[in-house]
Every structure is written in C-alpha cells, then in structure tokens.
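[1] Need coordinates for the below:
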Amino acid sequence: MHPILGQFRRLALYLLAWAPFAGLLLYLLAVPGGLAWDRALVLVVPLCLVYAFICLSAWYSCRATSLESSGFWRLAITHLTAAVLMSLLWLLMALGLAALLSNFDAFQSLDQQIGRQYPVLFGSGVLLYLLAVALHYVLLSAETSRAAHQRVLEARVLARDSELRALKAQVNPHFLFNSLHSISALTSLDAGRAREMCVLLAEFLRATLGLGEKASIPLSEELALVRSYLAVEKVRFGERLAVVEDIDPRALPCMVPPLLLQPLVENAIGHGVSNLTEGGWIRLSAALRDGAGGLAIAVENSFDRETPSRRGTGMGLKNVRRRLDMRYGDRAGFDVRVDGERFVVRLDLPAESGSSS
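    Numbering: from 1, shown residues only. Sure thing, here's the model as predicted:
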C-alpha cells in the first residue's frame, strides 16, 4: 500500500502541500505569461490536482532504485527520464484541457494562448516530479527506520522470552536432581518413606506441568506449590524441618512469576536446615506495603555460620535474581543478607493484579 494513499490524513496534507506550488504556477501563467487570472486559474487547479496524483507514482520508482544500493548515474537517469515523461504527459493534459475550454465563449482561443506557456509548464512539471521523488525517498527512509526499530524491539522481546523460559526450565531439573538423590538415599534406610517421597514428588511435578507458558500466577497458587515441595522435603527431614508462615490475606491475589519461591525454599533447606544436626526452621512471609503499591515477600531460615558453603551454592538465588531483572527491571528489589543465625532473602515486587497468563 502506498504510504500516502493508505492514510486519509497523509493524503490531505500531501494535497495541501501542493497549494503553494499551484499558487506559484498561477502567478507565472498570469503575470509573466500574460494569461488572464481567471483563465490561468481554471487551468492550474485541475492540472495540479491531477498531477499531484500522477506524481505519487514516484513511490514505485524510488522503491526500485534505493539510495543505498543504486549508484548516482542510475538514480539520475531513472528519475530524470521519469520526470521528462511525466512532464510531457502533464503538458498534453494542459493542451487537452485548453482545447476543451476553448469551446466555451468565456475561454475562446485559450488553446492558442497556452502554446506560449510550454516552457513554463514543462519545466514546472519536471521540477514538481523531482520534488515528489525527494518526498518519497524521505518516506522510504522513515519506513525503513520504523521497520528496523520494530525488528529490534521484536528481537529484544524474543530474547527476553527465551531467557525467561531457559531460567524457568532450570528449576525443575535442579530440584529433581536433589530429590532423586534423596530418594536414592532413603531406599536403603526406609523404603516406605522413599515410596511416599516418590508419590509427593509426582504430585508436585504434576502441579508444575501447566506453568510452562504462564508469565504469572496468583501468590496463593505459588504458595500452594511451595507447600507441595515442602511436603516432599518433610518426608526426608521429618521433625527436623519446621515451617512457619506469616501471609497477609490481601497479598494472595497478587500476581508473581511461577516457581519464584521454590528455588529460595530449596536453597534454604539445602544450604541451611540440612547442615544443622538438630534441624532448623523456614519462615515464609508476604505482605502488601500500604501506600507504596508493592508486595514484600521474605524467605528466612536458620543456618550455621560455621558450616562451610557447599559447592554450587547460590544457583537458585542467581536464577531468581535474573528472572526478576528480566520481568520487572528496576521495579523489583532483591536483597540477601545474614542476620545473626538467620539467612534472609527479601523480594520487593510490584503489586500486580489480574488473571494468570
């Protein structure tokens, strides 16, 4: 679709831009050319209106000879040839219109008078067509720039979505590795508990199957997934694992990325509770920040400062941090700190509401 013909507003502005050129041609025909003003006016208005649409054909020659890929001589020959042909066509239209008007008493001999205006009409036709060529090259450049900008935006969105999928895909394999390792250890110690852990693990994985294409879920669903995960771990730790929740009911409908808290809880168990001989605790809290429009979530756990860090520590934390950066940018906060014998991870998220997507 022609960029001018495709939008009424652009077409109106384009035709309006012809008004000064029509006025200049009217002056040239009336003053230096010697035509009466009414005769010049009745020629100029229809001629300029028709020629304005004829000059729109320059769009196609401009697309065929782009400034980037065409040499100077090709551009010059192509557009000068087209300008001469279009100007000759315009000149023929002027002769035809003058001959038609000469049949009326008010415009007798107009066809003879117009003969003295050939140079003016022809030169004006060439100039106006070349101006149309310049306009269309400007439009082509703007179109190319918009298309390039759109491609960049689409590439960024695709890259962002791909990275988010990759980060989400890391969650289950990492958890599965740890769970299967635990089940393997339990089979030789307590086959019944190993079977129970297998069943709970299957239920947790079934609950996560539909999350692959969702960008966010309600916090209530995310907490249900965390509880399902903790049920698996409680088979392994028994009374050594205590869980405390402090959840503001107003925060439950808020939307969060799926499987956001599970890596944090897994990290709390793997690098905190599991290193304590007598066991430990995990505390989950979530609350709306009144007036700030934000959602504060914290995962705390007991841990032993003297226990050396295990190899691989921090993968879950890095995963969560990157997912928050990808999803929220500067709108989200992620803070990790040690407070005495507590390890605290705090998330500050925008309090978004809506259906899961």
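[2] all helices for the stretch 1-150 of the chain, in order.
    8-30, 37-54, 58-64, 72-101, 110-113, 118-189 (DSSP state H, counting those that start in this stretch).
[3] Same question for the stretch 151-300 of the chain.
    191-208, 219-237, 262-271.
[4] could you dump these to TSV with distance to Ser145, mean neighbour count and mean pLDDT?
    All C-beta atoms are positioned from the backbone trio N, CA, C, and that covers glycine. What follows is these, written out as TSV (distance: least, CB to CB, whole Å; neighbours: other CB atoms under 10 Å; pLDDT from 0 to 100):
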stretch	distance to Ser145	mean neighbour count	mean pLDDT
helix 191-208	44	15	81
helix 219-237	42	20	87
helix 262-271	42	22	85
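[5] Dump the ones you listed into CSV; add distance to Gln117 as well.
    Output for those, formatted as CSV (distance: least, CB to CB, whole Å):
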stretch, distance to Gln117
helix 191-208, 82
helix 219-237, 80
helix 262-271, 83
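[6] And those: which comes nearest Leu13?
    Closest of the helices of the stretch 151-300 of the chain to Leu13 is helix 219-237, at 51.4 Å (criterion: CB to CB).
[7] quick check: angle from that closest one to helix 262-271?
    Put simply, helix 219-237 runs at 20 degrees to helix 262-271, going by axes from the mean of the first three to the mean of the last three CA atoms, to 10 degrees.
[8] Can I get helix 219-237 in CSV, CA atoms only?
    Taking Å, rounded to 0.1, in the frame of the first residue of the first chain, the C-alpha atoms of helix 219-237 are listed here in CSV:
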residue,chain,number,x,y,z
LEU,A,219,0.6,-15.7,45.1
SER,A,220,-1.9,-18.2,46.5
GLU,A,221,-1.0,-20.7,43.8
GLU,A,222,2.7,-20.1,44.2
LEU,A,223,2.4,-20.8,48.0
ALA,A,224,0.5,-24.0,47.2
LEU,A,225,3.4,-25.1,45.1
VAL,A,226,5.9,-24.3,47.8
ARG,A,227,3.8,-26.3,50.3
SER,A,228,3.7,-29.2,47.9
TYR,A,229,7.5,-29.0,47.6
LEU,A,230,7.9,-28.8,51.4
ALA,A,231,5.7,-31.9,51.8
VAL,A,232,8.4,-33.8,49.7
GLU,A,233,11.2,-32.5,51.8
LYS,A,234,9.4,-33.2,55.1
VAL,A,235,9.5,-36.9,54.2
ARG,A,236,13.2,-36.7,54.2
PHE,A,237,13.7,-34.4,57.2
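[9] Could you name the helices and strands sitting against that helix?
    Applying 3 or more CB pairs under 8 Å, 6 or more residues apart in numbering; DSSP states H and E, we find helix 219-237 packed against helix 118-189, helix 191-208, strand 241-247, strand 255-256, helix 262-271, strand 280-289.
[10] wait, which of the helices of the stretch 151-300 of the chain is closest to Leu5?
    helix 219-237 (51.4 Å).
[11] Provide the contact partners of that closest one at residue level.
    With CB atoms under 8 Å, 6 or more residues apart in numbering as the contact definition, helix 219-237 has outside contacts at 175, 179, 182, 186, 193, 196-197, 200-201, 203-204, 207-208, 241, 243, 245, 247, 251-256, 258-262, 265-266, 269, 273-274, 279, 282, 284, 286, 295, 297, 356.
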